[in-house]
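1. Predicted model, plus sequence, below.
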Amino acid sequence: MPMRNITVISGGMGGAKFIRGLLHGITHGLLPGVSPDARVTVVANTADDLWLHGLKVCPDLDTVMYTLGDGIDSARGWGRRDETWSVKEELEAYGVEPTWFGLGDRDVATHLVRTQMLEAGYPLSAVTEALCKRWQPGVRLLPMTDDRVETHVAIADPESPSGRRVMHFQEYWVRLRAAVPAEAVVFVGLENSSPAPGVLEAITEADLVIVPPSNPVVSIGTVLGVPGLRSALRATTAKVVGLSPIIGGSHVHGMANQLLTAVGVEVSASGVGLHHGARSAGGVLDGWLVDTVDADQVGALEAAGLPARAVPLLMTDDDATAAMAAAAIDMVS
Ligand code: GDP
Ligand code: CA
């Protein structure tokens, strides 16, 4: 039976890029054993979400929606193409904080629609579905939860009585550029959250679940931390396969290095694979792809019970990314 239902767990830029290549692979028949009309469901991280100037901003949902809906600024990798910044400039002229977040004029419209709907009582999952009517991303896009969850990061601050200062993850990433060490990462609200409607079904009823190259701590880690998610992954009859976001001992973009260090995980392809863990050893994965430069780590992964393979893992274009998806599918088929 060809696979018809594929579920991907995603953060923002890495996940979105992977899903675009996956869809390319499906429509061009590049994926072994996958039906050309296969449906993709995306369970996206919402722990990067923040309230800004009274608006609810969902960076990862929007990155996936804009990327797949062809509205993304592809040079930046986030936000809208042909963006202008008048709202941001006017807020700055009023001296309103925070000024470090890239709030574009076109993007503001998305946040206004979302915030209005939330305030009218719709859950985030329904709001996301409504926004996707415009963007037609070609996937079913689900937030991991409808509940408020926020990743916060603690950094050293000698001036604070506790010796630490805690800030929203977006402030650590956007304002500080993750340039100072993260001492701890806290997922506010995560343990009391519930999976959004459709999320558990998307895992239990899938033919295949993919963990793409996304941040292992603040994207994949938060989705897996929604109560019930991990056990659904452990119980599903679908194979669960992941692709390393770490190549040659470093992240490709972003701040995975800093955050992995903060949570005590080795910054390596095998470190992340073993952090998610083999399903046979209490984790969630049936297979793990590492880049060819990390081929020497395959032995250690397999010795720990996690089947692994080394293939090129740079998402240089949709064909290269589809080939990664094909290799992932092939290894667990
Ligand atoms: P974010 O929410 O925008 O940070 O995006 P994600 O969490 O989805 O993905 C970020 C992760 O993707 C980072 O850890 C990067 O190292 C990884 N990444 C980005 N581009 C590539 C690539 O071409 N290949 C691989 N293997 N990983 C990548
Ligand atoms: Ca993110």
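-> Noted; the coordinates are in hand. Ligands and ions are numbered 1, 2, ... in the order given.
2. quick one: the helix or strand hosting residue 257 near ligand 1?
-> Assigned by DSSP states H and E, residue 257 belongs to helix 256-262. Yes. Under the criterion of Cβ under 6 Å from any ligand atom, helix 256-262 makes contact with ligand 1 via residue 256. C-beta coordinates here come from the backbone N, C-alpha and C atoms, glycine included.
3. And for stretch 241-254?
-> Yes. Stretch 241-254 lies within reach of ligand 1 by Cβ under 6 Å from any ligand atom, at 244, 245, 247, 251, 252, 253, 254.
4. Is the second one in contact with residue 255, as I believe?
-> No. Taking Cβ atoms under 8 Å as the contact criterion, residue 245 and residue 255 are not neighbours in contact, 11.1 Å apart.
5. and for those two, which residues touch both?
-> Contact criterion Cβ atoms under 8 Å, 6 or more residues apart in numbering; residues shared by residue 245 and residue 255: residue 215.
6. Those two - which one has more neighbours?
-> residue 245 (26 against 21; other Cβ atoms under 10 Å).
7. Just want the phi and psi numbers for that one.
-> phi -90, psi -10 (degrees, to the nearest 10).
8. Going forward, the N-terminal residue is numbered 21.
-> In the new count, where the first residue is 21, that last one comes out as residue 265.
9. Do you have the strands of the stretch 121-270 of the chain handy? List them.
-> Along the stretch 121-270 of the chain, counting by DSSP state E, counting those that start in this stretch, strands occupy 160-163, 170-176, 184-188, 204-208, 228-231, 259-263, 266-267, 270-271.
10. Of those, flag the one that's most buried.
-> Most buried of the strands of the stretch 121-270 of the chain, by mean neighbour count (mean count of other Cβ atoms under 10 Å): strand 228-231, with a mean of 28.
11. Next, see if that strand gets close to ligand 1.
-> No. With Cβ under 6 Å from any ligand atom as the criterion, ligand 1 is not reached by strand 228-231; the gap is at least 10.5 Å.
12. Could you spell out the sheet neighbours of that strand, each with its direction?
-> Under the criterion DSSP bridges, strand 228-231 sits next to strand 23-30 (parallel), strand 259-263 (parallel) in its sheet.
13. Dump those strands to JSON lines, plus distance to residue 287 and mean pLDDT.
-> Output for these, formatted as JSON lines (distance: least, Cβ to Cβ, whole Å; pLDDT from 0 to 100):
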{"stretch": "strand 23-30", "distance to residue 287": "21", "mean pLDDT": "98"}
{"stretch": "strand 259-263", "distance to residue 287": "16", "mean pLDDT": "98"}
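14. before we move on, back to that, with distance to residue 58 as extra columns, can I get the strands of the stretch 121-270 of the chain in CSV?
-> Listed next are the strands of the stretch 121-270 of the chain as CSV, based on distance: least, Cβ to Cβ, whole Å:
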stretch, distance to residue 58
strand 160-163, 12
strand 170-176, 32
strand 184-188, 37
strand 204-208, 32
strand 228-231, 9
strand 259-263, 14
strand 266-267, 28
strand 270-271, 29
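15. tell me the pLDDT at residue 21?
-> Looking at residue 21, its pLDDT reads 86.
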